[in-house]
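Engineer: Return atomic coordinates for the entry below.
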Amino acid sequence: MLKKFSLLFCLVCSTAALTSCGGGDVGGGVGEFTTVTATASAKTNPFESDILTANSCSATGVSSGGTVQTDNVDVNFVSTAQFSSGRLLDLSISKITIRYTPAPGGTVPAPALADSFVSYSQPVPPNTSVTIPVPVLSRDQKLLLLNRSTQAMPLCTGTTFRYYVDIIFEVSEVGGNGDVKAVTAKTTLDVADSI
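Structural biologist: Below you'll find the predicted structure:
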């Protein structure tokens, strides 16, 4: 009896160990689903953002003209089959979060910048790579940096704010178990008045 119980206990433990394997994020910006894995990488790193486009600076450092425009960074999103045969499922991207962390390397410390969000809907078939333009710094965010009451971006000075940026895709497998996983691309963002 004790021998049968020990055998049953070992069988239950090994089954539990096997079922806890796989799934979830496997790290390094990789999302693992039931039939495919997904990765995302920014095509430009670092990304240089001109806070005011096509302005001119006088000899005394006064800016004139120019427009404030949203800057996009292209992200390469790849779905790769985990198996060479069998039914493979599409991935669906439902939302993109852009998260900013002030980083060393700017000419002055960068002020905090709130996360931004993009509603998105695009299926990605297995073994496919798609390029997704992501608004890494929107017009509204630039205006916020230009018009802060403290630590505003000065024009015509060469001042640079630097951020580490996580571009987080919320992804699920169409027809899968319904889990939504985060697949993250990273870049460094340098914001300045390019003159």
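
Engineer: Where does the prediction get shaky in this structure?
Structural biologist: The model of the chain has pLDDT under 70 over residues 1-29, 195.

Engineer: Strands of that one, start to end?
Structural biologist: 25-27, 30-32, 36-42, 47-50, 56-57, 63-64, 71-81, 91-102, 116-124, 128-137, 160-173, 180-192 (DSSP state E).

Engineer: Quick one: closest of these to Arg148.
Structural biologist: The closest approach between Arg148 and any of these, judged by Cβ to Cβ, belongs to strand 160-173 at 10.8 Å. Heads up, the C-betas are built off the backbone N, CA and C, glycines and all.

Engineer: by contact count, what packs against the closest one?
Structural biologist: With contacts taken as 3 or more Cβ pairs under 8 Å, 6 or more residues apart in numbering; DSSP states H and E, strand 160-173 sits against strand 36-42, strand 71-81, strand 91-102, strand 128-137, strand 180-192.

Engineer: looking at these, which is closest to Ser63?
Structural biologist: In terms of Cβ to Cβ, the element of the helices and strands packed on strand 160-173 nearest to Ser63 is strand 180-192, at 12.6 Å.

Engineer: buried stuff in the closest one?
Structural biologist: For strand 180-192, burial by neighbour count (16 or more other Cβ atoms under 10 Å) applies to 181, 183-185, 187-192.

Engineer: Write down the beta-bridge partners of the spatially most central residue of the chain, one by one.
Structural biologist: Geometric centre of the chain, nearest residue: Ile167, 1.2 Å, by Cα atoms, centre = their mean. Note on Ile167: beta-bridge partners by DSSP bridges are Ile98, Ala185.

Engineer: so how far is Thr37 from it?
Structural biologist: 18 Å (Cβ to Cβ, to the nearest Å).
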